[in-house]
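1. sequence first, then the predicted structure:
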Amino acid sequence: MAIKRRKISVIGGGFTGATTALMVAQKELGDVVLLDIPQMEGPTKGKALDMLESTPVAGIDSNIIGTSNYEDTKDSDVVVITAGIARKPGMSRDDLVSTNAGIMKAVTKEVVKYSPNCYIIVLTNPADAMTYTVFKESGFPKNRVIGQSGVLDTARFRTFVAQELNLSVEDITGFVLGGHGDDMVPLIRYSAAGGVPLEKLIPKDRIDAIVERTRKGGGEIVGLLGNGSAYYAPAASLTQMVEAIIKDKKRVIPTIAYLEGEYGYEDLYVGVPTILGGDGIEKIIELDLTDDEKTALAKSVESVRSVMAALPTT
Ligand SMILES: NC(=O)c1ccc[n+]([C@@H]2O[C@H](COP(=O)([O-])OP(=O)(O)OC[C@H]3O[C@@H](n4cnc5c(N)ncnc54)[C@H](O)[C@@H]3O)[C@@H](O)[C@H]2O)c1
Ligand SMILES: O=C(O)C[C@H](O)C(=O)O
């Protein structure tokens with residue numbers, strides 16, 4: 001049988017969706033379908049065509065189409081959900097919960113109908129609660145519903161550490177645990193520059209400042225943009241996750257994963273280190289935490305649970 005290209009659908013053709021479609025295509029991970037609501041069909045088709053016309057210049061053989069018809073997403077290998085509203089200055093991600101939960105339910109029904117075997121990556125905020133909503137609505141096994149926050153939060157942390165030390169971003173590693181909110185938990189003990197623990201390289205007050213900036217990293221961009229939220233780094237993060245699945249890379253990266261007892265929590269989607277490969281979340285890595293880290297994680301989990309309590313019940 002002929003080998004076919006992979007198919008990646010991106011639901012929501014706004015800032016993050018369109019940027020993700022382009023980045024995924026630029027890595028030749030497969031053919032890309034960008035879908036938005038019928039009222040946005042023209043702009044969605046226009047963005048996709050514009051991207052497609054960049055492919056000869058870039059030397060890329062990925063087809064890219066824009067649509068509002070879910071039939072075009074049929075048999076996707078990976079579906080990325082970015083549909084929904086984004087916050088504006090003065091809002092928290094949690095303010096988006098009821099609107100976006102409704103959108104998640106509607107979108108998930110269609111995604112599952114046309115791609116019953118796909119892997120779903122959820123970006124829409126509040127991301128932990130939205131990933132949970134998609135999981136419940138899809139009926140998929142937990143390894144096939146994955147949320148994005150940790151790659152982005154860790155990327156922000158790595159950026160700030162690299163700036164602080166004037167070192168290559170490539171050599172900085174880190175992990176951010178917990179919910180995608182202002183009380184996320186950057187794990188300093190597991191962060192390093194070229195293998196050297198950060199605590200040996202950066203004074204405590206500077207580390208604390210970097211942790212604080214990382215926690216508020218989304219808000220920093222929202223404040224600067226004035227009308228929307230970050231999309232380049234989020235799209236790059238989604239692209240890394242799509243690549244990990246499509247190429248079965250078995251990357252050790254933080255994702256929003258469903259916990260069934262890991263870290264002491266049940267029936268909850270929250271950010272933890274995972275192995276992401278050809279079967280989605282193949283493993284959750286349980287790190288030993290100090291009492292302080294456990295307390296910080298508990299506080300972050302509490303925030304996620306309070307957002308989940310606001311999820312519509314029907
Ligand atoms: N988890 C993260 O790290 C992270 C990072 C960035 C953005 N986000 C979130 O991702 C979401 C999208 O952000 P954005 O900047 O792309 O916003 P955006 O407003 O630019 O795009 C959202 C798009 O979704 C579309 N949409 C709305 N309802 C839809 C539906 N039912 N079906 C299909 N499409 C629909 C809109 O028409 C719009 O084009 C927001 O909720 C934002 O907060 C999360
Ligand atoms: O901050 C936001 O609202 C968007 C996203 O979650 C981010 O962290 O950039």
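-> Alright, I've got the coordinates. Residues are numbered from 1 along each chain as shown. Ligands and ions are numbered 1, 2, ... in the order given.
2. number of residues surrounding residue 114?
-> Residue neighbour count, defined by other Cβ atoms under 10 Å, stands at 17 for residue 114. C-beta: built from backbone N, CA, C; applies to glycine.
3. quick check: closest non-adjacent residue to it.
-> residue 74 (4.5 Å; Cβ to Cβ, 6 or more residues apart in numbering).
4. could you report the pLDDT at that neighbour?
-> Listed pLDDT for residue 74 reads 98.
5. likewise for the one 5 residues further on?
-> According to the model's per-residue confidence, residue 79 sits at a pLDDT of 99.
6. what residues sit buried inside the strand or helix carrying it?
-> Using DSSP states H and E, residue 79 falls within strand 78-81. The neighbour-count check on strand 78-81 (16 or more other Cβ atoms under 10 Å) flags 78, 79, 80, 81 as buried.
7. now do that strand: everything it contacts.
-> Taking contacts as Cβ atoms under 8 Å, 6 or more residues apart in numbering, the residues outside strand 78-81 that touch it are 6-12, 17, 20, 30, 73, 104, 107-108, 111, 115, 118-124, 130, 134, 238, 242, 245-246.
8. go on, stretch 170-179?
-> By Cβ under 8 Å, 6+ apart, the list of residues contacting stretch 170-179 from outside reads 126, 128, 149-150, 153-154, 157-158, 161-162, 165, 184-187, 190-194, 198, 214, 254, 270-273, 287, 293, 296-297, 300-301, 303-304, 307.
9. so which bits of stretch 293-300 are buried?
-> By neighbour count with 16+ other Cβ under 10 Å, stretch 293-300 contains the buried residues 293, 296, 297, 300.
10. check what pLDDT residue 222 gets.
-> Residue 222 is assigned a pLDDT of 96 by the prediction.
11. any residue of stretch 131-139 touching ligand 2?
-> No - Stretch 131-139 lies out of reach of ligand 2 by Cβ under 6 Å from any ligand atom, never closer than 12.7 Å.
12. can you list contacts of that stretch?
-> 81, 101, 104-105, 107-109, 111-112, 120, 122, 142, 144-147, 256, 258, 268-269, 308, 311.
13. residues near residue 27, how many?
-> Residue 27 has 16 neighbours, counted by other Cβ under 10 Å.
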